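**Q** predicted coordinates and the sequence they were generated for:
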Amino acid sequence: MATNALPAAAVESGTYYQEEWGVIGRNTLGASTAVLRLGPWGRDPAGNPAATVPPPYGTGSLGIVVSSGDDKIAFGTEEEYAGVPLNSISTLKYWIFEGVDPPLVNAPPSIALEVDPNLDPAINYTSLVYVPSQSVAPSAPPARQANTWQQYDAGAEGGKWYATNGATATATGCTQASPCTFSALKAALPDAVITLSLAISKGRDNPFVGAVDGLQVNNALYDFEPLGVRKFTL
């Protein structure tokens, strides 16, 4: 359940960071949107007629709408993590709000890292994608719930990741058909470096309406608010 409170030790790093975060056009297709918005407020318990649970931090979030399985959206930074070694990333967490009624059969938004795997000079690009719908505790909540906020820990055991590049997927064993944990992925790619982006991504697989908030990368926490993305150091 979302708490709406930053950790006591959190220190804001500057002001709004909207100039570094936004829709990544080259990774976006079709009828899809990612908009910084107020809310949504969730219900707890699920049958509560009033939505009283606030977003995890502040009053806003990143609203995501993907209309069909042919569409895709990516929202992230193409600057802040460029050149960062993959193995230096120890924590990757975020909150998801699924704005539909059960059964929850569609995949929610992922975390996607564009990297140079550095396995071979001829293989200099792949995306590494976290799959929340296939992940299990402690990476994912014990049960997905609609119309409320739930946190996912993409770096924890039980998390499922795969590489989009076929050669990288084969070399690591982290394929879409047989995804692996983040720790296994990093062990298989000891020299990988983040290159083009770190993003929240959705598609191309199925429709989605919902939101994301509170992305944590190591000790950096990103709070999505209507006027921009606020960065805090934990």
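**A** Yes, it's here.
**Q** which residues touch Leu29?
**A** Contact partners of Leu29, counting by C-beta atoms under 8 Å, 6 or more residues apart in numbering, are Asp70, Asp71, Lys72, Gly203, Arg204. Glycine gets a C-beta too; all of them are placed from N, C-alpha and C.
**Q** which neighbouring elements make contact with the helix or strand containing Ser183?
**A** Counting by DSSP states H and E, the element that carries Ser183 is helix 182-188. Using 3 or more C-beta pairs under 8 Å, 6 or more residues apart in numbering; DSSP states H and E as the contact definition, the elements that helix 182-188 packs against are strand 161-163, helix 166-172.
**Q** buried deepest among these, which one?
**A** strand 161-163 (a mean of 26; mean count of other C-beta atoms under 10 Å).
**Q** coming back round to it: pipe the contacts of Leu29 into a markdown table and attach distance to Pro117 and neighbour count per row.
**A** Converted to a markdown table, the contacts of Leu29 look like this (distance: C-beta to C-beta, whole Å; neighbours: other C-beta atoms under 10 Å):
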| residue | distance to Pro117 | neighbour count |
| --- | --- | --- |
| Asp70 | 28 | 14 |
| Asp71 | 27 | 21 |
| Lys72 | 22 | 16 |
| Gly203 | 23 | 25 |
| Arg204 | 22 | 15 |
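**Q** which residue ranges of this structure form strands?
**A** Remark: strands assigned in the chain by DSSP state E are 11-16, 21-23, 32-38, 60-66, 73-77, 92-98, 110-116, 126-130, 149-153, 161-163, 193-202, 208-217, 220-225, 228-233.
**Q** dump these to CSV, plus mean pLDDT and distance to Gly83.
**A** Below are these laid out as CSV (pLDDT from 0 to 100; distance: least, C-beta to C-beta, whole Å):
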stretch, mean pLDDT, distance to Gly83
strand 11-16, 69, 19
strand 21-23, 94, 18
strand 32-38, 96, 25
strand 60-66, 96, 25
strand 73-77, 97, 13
strand 92-98, 97, 18
strand 110-116, 98, 10
strand 126-130, 98, 16
strand 149-153, 97, 25
strand 161-163, 98, 19
strand 193-202, 98, 6
strand 208-217, 96, 14
strand 220-225, 94, 16
strand 228-233, 92, 18
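**Q** which of those strands sits closest to Pro54?
**A** Comparison of those against Pro54 by C-beta to C-beta identifies strand 149-153 as nearest, at 8.4 Å.
**Q** ok now stretch 109-120, how far from the chain's centre?
**A** How far stretch 109-120 lies from its chain's middle: 13 Å, per C-alpha atoms, centre = their mean, to the nearest Å.
**Q** re the thing from before, in helices, which of the contacts of Leu29 fall?
**A** Mapping the contacts of Leu29 onto helices (DSSP state H) picks out no residues; all lie outside.
**Q** for those residues, which one is nearest Gly214?
**A** Lowest distance from Gly214 to the contacts of Leu29 (C-beta to C-beta) belongs to Gly203, with 21.6 Å.
**Q** distance of the residue lying closest to that closest one once chain neighbours are set aside relative to Ala171?
**A** On the basis of C-beta to C-beta, 6 or more residues apart in numbering, the spatially nearest residue to Gly203 that is not a chain neighbour turns out to be Lys72, at 3.2 Å. Here Lys72 is placed at a distance of 25 Å from Ala171 (C-beta to C-beta, to the nearest Å).
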